[in-house]
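K.L.:
Turn this into a structure:
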Amino acid sequence: MKRIFPTLSAALLGVVLSLPAMAQTGKTGLYLSADDFAAGKVSYGAAHHKIRPNVPFQHGKVKVVHGDQAMMLEKGQLYGYRDKKQQDFRFVGNDAYKIIDAKGFPIYSRDVEVTKGKGRVKETKFYFSAAPGSEVKELTVGNLKQAFPENGKFHQLLDMQFRSNDELARYDEFSKMFKLKTIYNETI
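P.N.:
Sure thing, here's the model as predicted:
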């Protein structure tokens, strides 16, 4: 069995001779860029490749296997991936952030360990970015105002509707949308 473990630069990412990056829509696979994510275009789809986004002892790598060949890709040079459940994730550093809403501006979640009392527990934290390819920040009123500095109406509605940062991640089952997104949509 022949194994290939190249370290790819951004320029070489699209030119991998041993494993063709067959673009697919609506399938599992890797998003090579924010533009690919916005277009719903995945590469290295599951029909032809097996993707392992978490490689033991190599946290900054994604493993792609095609037949008896394998290659390692740098997470820092990829946007993210879509898993078998059709859930999208974005790579930030060595971590994968779950994309829970991508309309308007992306909202992400991530389970992190926090200290509570004498022990550590997992807690879901929420994040956002102003655009699919921009910096990921913690979901706070202050960070939202910084991300959208020209939208004064949005700033006012944030102050009126949310008493704490914890309320920003509230989901309205009736409208099937985050309350934050409802407010944002009213201001654009």
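K.L.:
Spatially central, which residue of the chain would that be?
P.N.:
residue 90 (2.1 Å; CA atoms, centre = their mean).
K.L.:
Now it. Nearest residue, chain neighbours left out?
P.N.:
residue 80 (4.0 Å; CB to CB, 6 or more residues apart in numbering). Just so you know, the C-beta spots here come from the backbone N, C-alpha and C atoms, and that holds for glycine as well.
K.L.:
wait, isn't that neighbour in contact with residue 102?
P.N.:
No. Assessed by CB atoms under 8 Å, residue 80 is found out of contact with residue 102, at 10.9 Å.
K.L.:
Spit out the residues that contact the two alike.
P.N.:
Residues touching both residue 80 and residue 102 by CB atoms under 8 Å, 6 or more residues apart in numbering: 37, 88.
K.L.:
can you pull the contacts of residue 54?
P.N.:
Taking CB under 8 Å, 6+ apart as the criterion, residue 54 is in contact with residue 96.
K.L.:
Okay, it and residue 43: tell me how far apart.
P.N.:
From residue 54 across to residue 43, the span is 19 Å (CB to CB, to the nearest Å).
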